[in-house]
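Q: quick check, what structure comes out for this input:
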Amino acid sequence: MLSNTCKYALRATIYIALNSKENEKVGLKKISDNLNIPAPFLGKILQTLAKHKILSSTKGPNGGFGLGKNSTEITIMTIYEVIDGTDYFTDCLIGVQSCTDDPINTPCPLHSKYSHIRDEVYKIFSTTSILDLAGDIEAAEGVINI
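A: As a prediction, the model looks like this:
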């Protein structure tokens, strides 16, 4: 459901939330090394997030990345929409063009079985913030490695 790019974006954003200070940024190399994500690929992902103001970016020897918004304002959905788009939540699972919530238009055979799952995932993604995820990781005291 999540592309690898989106997974990397989420992991990196959580890492930045856990490791950046008020006026200090986290360097791309440090993030890349600690998350085992190739730096050129990660750099493109983080620049995309910075372009959408999810992250802030500073160039130079003391540069790097920080959160562009408060960690309570950045949800899984915030990142998911930027990286993967919203097709998963708006389009038919099997690609039937006439599939809608309107029973008159005869939704696809999976619609009634799947739509409530999609709605629940949307709710989880929309209400779970980076602060929530970072807090859960800190509470696990090293058991969860992002």
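Q: for the protein, which element, helix or strand, carries the lowest mean pLDDT?
A: Lowest by mean pLDDT, DSSP states H and E among the helices and strands of the chain is helix 87-90, with a mean of 88.
Q: what separation do you get for Ala12 and Ile104?
A: Distance, Ala12 to Ile104, by C-beta to C-beta, to the nearest Å: 45 Å. For every residue, glycine as well, the C-beta is placed using N, CA and C.
Q: residues contacting the nearest residue to His52 once chain neighbours are set aside?
A: Nearest non-adjacent residue to His52, counting by C-beta to C-beta, 6 or more residues apart in numbering: Val82, 4.9 Å away. Neighbouring residues of Val82 by C-beta atoms under 8 Å, 6 or more residues apart in numbering: Ala9, Thr48, Leu49, His52, Ile54.
Q: which secondary structure elements does the least confident helix or strand of the chain contact?
A: Secondary-structure packing of helix 87-90 (3 or more C-beta pairs under 8 Å, 6 or more residues apart in numbering; DSSP states H and E): helix 111-127.
Q: one more time with 10 Å, if that's ok
A: With contacts taken as 3 or more C-beta pairs under 10 Å, 6 or more residues apart in numbering; DSSP states H and E, helix 87-90 sits against helix 76-84, helix 111-127.
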